[in-house]
Each structure stands twice: as C-alpha cells, then as structure tokens.
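J.: Would you be able to build a 3D model of this:
(chains A, B, C and D)
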2 protein chains.
Amino acid sequence: MPRSTARPSSSARGERTRSAIIRAAATVFARHGYRGGPLAAVATEAAMTQPGVLHHFASKEDLLMAVLEQRDREGTRRLNESSWADGGGAALDALHDLVAHNGTTPELVQMFTVLVGESVAADHPARAFFTDRYETLRFRTTRAVQRGQDSGEFRADADAATLAALVLAVMDGLQIQWLLDPELDMATRFAVFVDMMKRFLAPPA
Amino acid sequence: MPRSTARPSSSARGERTRSAIIRAAATVFARHGYRGGPLAAVATEAAMTQPGVLHHFASKEDLLMAVLEQRDREGTRRLNESSWADGGGAALDALHDLVAHNGTTPELVQMFTVLVGESVAADHPARAFFTDRYETLRFRTTRAVQRGQDSGEFRADADAATLAALVLAVMDGLQIQWLLDPELDMATRFAVFVDMMKRFLAPPA
DNA sequence: GTCTATAGTTCGATAGAC
DNA sequence: GTCTATCGAACTATAGAC
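T.: Okay, the predicted model is just below:
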C-alpha cells in the first residue's frame, strides 16, 4: 500500500476520477432519475465527455450500482457511529438524529427516493439492490427493538418485526412529503412518531 | 344527453376508447414508469397502433395526466363511501380498510409509487399533481383527526397536522416495502400503527 | 378513427486518434 | 485516459392515405 506522502499511483488517480464521476452521477440521478438522467449530463457535471465516463464504468447500469453502493455505505457508516447499536429507545433516538441529518442533505434523500420509486418496476436494474437493502434494514431495526425488549425497556409482547417495518415506512413516507414540499420538517414529525412508539412500547406500570 | 337505449353516439364510442387507453397506460406506467414506458407499449396493450393513441391524447404527457386524475378519482370515491367522514377512530378504521383493499390491487399501488418517485424530480410533468395531492390528503386527514378531538374521542393537545402527515407516510412507506417484497402484509402492519395511534390519542383517564 | 410511413430527437455504446 | 466522430437503437410526434 502506498504511503500518503508518495506521489499518487496511476490507480489512485483513477480512483479519484471514479469518485468524481460517482458524485456527478448521484447529482444527475437525484435530479432526473436513472432513466431520465443521460450519461452526457453526468459527464458535464464531472467536467468530461460522455465516452470519458464510460472509460471508467462499463455501462450506465454499472455506474448506477456503484453510486448506490457508495451512498449506501456512507449512510450506514453514520448509523454505526451513533447509539444505534445500543438498541431500544437509544436506537430510536439515533434514527431521529439520522432523519435530522437527512434534512440537511436533500440531494441524497431525493436520489434514494427517486431511485427506489423507479426500481419498484420489475425490470429495473436496481430492484434487487433495494429489495436486499430493505430486508437488511428491517432485520437490523427488528433487532434494535428486540434489544429494547430484552433489557426490559420495551414491552415483550409487541411484534418487533412489524414495528421495524413501520419505522422504516415513516422515514420513507416523510421523505416523499418533504421532497414535494420542503416546508414540512421531517425531524419534528419523526420525533412525534418516536414519542408515540416509545409510549406504545412502555412496559405496563 | 343521449338516452341509454340509444345507439352510442360517436363521442360516447370515443369515450370508451379513451378509457381503454387510460387503462392500458396505467398498466404500462405501473410496470415501467412514465419515462420507461413507451407509447408503443400502451398502444399494444390497448390493441392499437401508437399514432392511434395520439389521436385521442395530444401528447404522452396529456395521457399521463388523464391517467393520474382518473385513478385518483377512483381512490377518492372509495374513501368517500366509507366511514371516513365521521373522523376520529372511525376514519382511521376506514383508512385501514383502504389499505386492505389496496393490498388486492398491486398494479394501482405500483403505478402511484413509481410515478410519485419519478415526480419528485423537479422537472417531472406530474410533480404539481402530486404536490397538490399530498396537500389535499394532509388537509383532509388533519380534519379527520381534529374531528376526533372535537368529539372528545381524542386528546386535544396533539398536533393533528403532524399526525396526519405520519398516517400518510406510513401508508406510502408500507407500499414501497410491500411492492419490493409481496410477502409483507400491509393491512396487518397498518393495523398495528392504527392501534398505536389510537392509544397515543386516547384522552387521559 | 385508425392505419403506414417517416421525420426529428435523444441516447448508450463503440472505434480510433492523440 | 480523454478526446472526436459516429453507429444503431428507441422514442415522440406528424403527415397523409383510407
């Protein structure tokens, strides 16, 4: 592995170009969707020509998958650095922090909302990605609720999997409404939902 | 106005053709989205040629708007025939019935989910339609919650507008997850949310 | 009112020079 | 590694016969 003081190797420079293209593609896909966003627009955004983009990615579809995986990793990293892993009410608070942060990154939110909508169509290249993503998110959120039940913070007789699906649903649904009308504050509304769920899960006195 | 026993007038036959095209377009847009669904596919689905479709609609965009308004009217009619207008818990139960019914019409649900995702992009022709639609739905749902507060069924110190936004968010979010994984039952999960919200809104004993 | 034919674009991908 | 040039496909919309 090259030391940070060394002149960047050819492949390291290549990685930087790839990153710039991924950033540009995220912007274009957020604004116009995958089908509606031409490679030429990605190229312009990355200060290149369209064949230049395809020198770094075999196809537009390849670029799409690279964008999705990159942005997904960034979002996941954020959660992992929070109190998410503690489970229970702390995990719900961590999700609230995430929603508040998302409110400062409309482009990222819009990209995922546009692409998940497109990908619901059976033949969309990102369909499998999103199916997997939701399965993983539901699994992890279910575990966070269960952790709260195991510790006695939450009632044990609630269906953790259903509640996990509801949490993710609220996040997605609020994003849609926020993107259509930016006046709407996601974090404030999500806080009410978290409050509602905590009361619902409070063990009987 | 022609009597029902009369031979259908030319314009009545024209209306039937328009309806058939709208039905065909709804199928195609649900499967591939607006941008991804060619007029030729709509034509095939309606057993016509592509210029035949454009004889009845000035442009693809015109057809899209006709599809949206038609399908929206159908959905709204269903709600109006339920206990929705009573407000309060009865209105929430009416929404649950709607969610259960939606579970039997995946094509309709998919069409709206795909199109709302696409339309979040600023330049999409359906953007204004969906912005208005959510504003209207939020307004009507807010009123339903307030009606419950006025009657004393619900606590008066809850923010009806926020709760309305949450209800719509859950519906949309569950639809996304259901379309990506049809194993997930929307109605069962929505019922848990309704239960949670009713407890949250129960007046203090 | 529906057809065939086609104009006029736009786009993804490839070829090949530098 | 980036460019210019271009191919070939797909799509909306129009023209005009029947």
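J.: tell me the angle the lengthiest helix in chain A makes with helix B:10-36.
T.: Counting residues, the longest helix in chain A under DSSP state H turns out to be helix A:10-36. With axes from the mean of the first three to the mean of the last three CA atoms, to 10 degrees defining the directions, helix A:10-36 sits at 170 degrees from helix B:10-36.
J.: quick one: average pLDDT of helix A:10-36?
T.: Averaged over helix A:10-36, pLDDT sits at 91.
J.: And stretch A:51-58, by the same measure?
T.: Stretch A:51-58 comes out at a mean pLDDT of 98.
J.: Could you say which helix or strand holds A:Thr162?
T.: helix A:160-180 (DSSP states H and E).
J.: How far off centre is the following helix or strand past that helix?
T.: Downstream of helix A:160-180, the first helix or strand assigned by DSSP H and E is helix A:186-201. Averaging C-alpha positions (CA atoms, centre = their mean, to the nearest Å) puts helix A:186-201 20 Å from its chain's average.
J.: Would you mind splitting chain A into its domains for me?
T.: Under the assignment automatic domain parsing, the domains of chain A span A:1-64, A:82-205.
J.: Those domains: which one's closest to B:Lys60?
T.: domain A:1-64 (13.4 Å; CB to CB). Every C-beta, even on glycine, is put in place using the N, C-alpha and C of the backbone.
J.: do the closest one and DNA strand C meet at all?
T.: Yes: counting by CB under 7 Å from any atom of the strand, DNA strand C has neighbours in domain A:1-64: A:Gly37, A:Pro38, A:Leu39, A:Ala40, A:Gln50, A:Pro51, A:Leu54, A:Ala58, A:Ser59, A:Lys60, A:Glu61.
J.: Report the buried members of these.
T.: Neighbour-count burial (16 or more other CB atoms under 10 Å in any protein chain shown) applied to the residues of domain A:1-64 next to DNA strand C gives A:Gly37, A:Leu39, A:Leu54, A:Lys60.
J.: nearest to B:Leu163, of those?
T.: A:Gly37 (36.1 Å).
J.: From the residues of domain A:1-64 next to DNA strand C, pick the one nearest chain B.
T.: Among the residues of domain A:1-64 next to DNA strand C, A:Gly37 lies closest to chain B (CB to the nearest CB), at 8.8 Å.
J.: shouldn't that closest one be in contact with A:Phe29?
T.: Yes: if you go by CB atoms under 8 Å, A:Gly37 and A:Phe29 touch, sitting 5.1 Å apart.
J.: possible to save the residues of domain A:1-64 next to DNA strand C as JSON lines with distance to DNA strand D and secondary structure?
T.: Formatted as JSON lines, these follow (distance: CB to the nearest atom of the strand, whole Å; DSSP: H, G, I helix; E, B strand; the rest coil):
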{"residue": "A:Gly37", "distance to DNA strand D": "15", "secondary structure": "coil"}
{"residue": "A:Pro38", "distance to DNA strand D": "12", "secondary structure": "coil"}
{"residue": "A:Leu39", "distance to DNA strand D": "11", "secondary structure": "helix"}
{"residue": "A:Ala40", "distance to DNA strand D": "9", "secondary structure": "helix"}
{"residue": "A:Gln50", "distance to DNA strand D": "7", "secondary structure": "helix"}
{"residue": "A:Pro51", "distance to DNA strand D": "3", "secondary structure": "helix"}
{"residue": "A:Leu54", "distance to DNA strand D": "8", "secondary structure": "helix"}
{"residue": "A:Ala58", "distance to DNA strand D": "13", "secondary structure": "coil"}
{"residue": "A:Ser59", "distance to DNA strand D": "13", "secondary structure": "coil"}
{"residue": "A:Lys60", "distance to DNA strand D": "12", "secondary structure": "helix"}
{"residue": "A:Glu61", "distance to DNA strand D": "15", "secondary structure": "helix"}
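J.: In PDB, list the C-alpha atoms belonging to the helix holding A:Thr162.
T.: Written as PDB, here are the backbone C-alpha positions of helix A:160-180 (Å, rounded to 0.1, in the frame of the first residue of the first chain):
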ATOM      1  CA  ALA A 160     -40.700  -6.200  16.800                       C
ATOM      2  CA  ALA A 161     -40.700  -7.000  13.000                       C
ATOM      3  CA  THR A 162     -43.900  -5.100  12.400                       C
ATOM      4  CA  LEU A 163     -42.700  -2.100  14.400                       C
ATOM      5  CA  ALA A 164     -39.400  -2.200  12.400                       C
ATOM      6  CA  ALA A 165     -41.300  -2.000   9.200                       C
ATOM      7  CA  LEU A 166     -43.400   0.900  10.500                       C
ATOM      8  CA  VAL A 167     -40.300   2.800  11.500                       C
ATOM      9  CA  LEU A 168     -38.800   2.500   8.000                       C
ATOM     10  CA  ALA A 169     -42.100   3.300   6.400                       C
ATOM     11  CA  VAL A 170     -42.500   6.500   8.300                       C
ATOM     12  CA  MET A 171     -39.000   7.600   7.300                       C
ATOM     13  CA  ASP A 172     -39.600   6.900   3.600                       C
ATOM     14  CA  GLY A 173     -43.100   8.500   3.600                       C
ATOM     15  CA  LEU A 174     -41.900  11.600   5.400                       C
ATOM     16  CA  GLN A 175     -39.100  11.900   2.800                       C
ATOM     17  CA  ILE A 176     -41.600  11.900  -0.100                       C
ATOM     18  CA  GLN A 177     -43.700  14.600   1.500                       C
ATOM     19  CA  TRP A 178     -40.700  16.700   2.400                       C
ATOM     20  CA  LEU A 179     -39.300  16.500  -1.200                       C
ATOM     21  CA  LEU A 180     -42.600  17.600  -2.600                       C
END
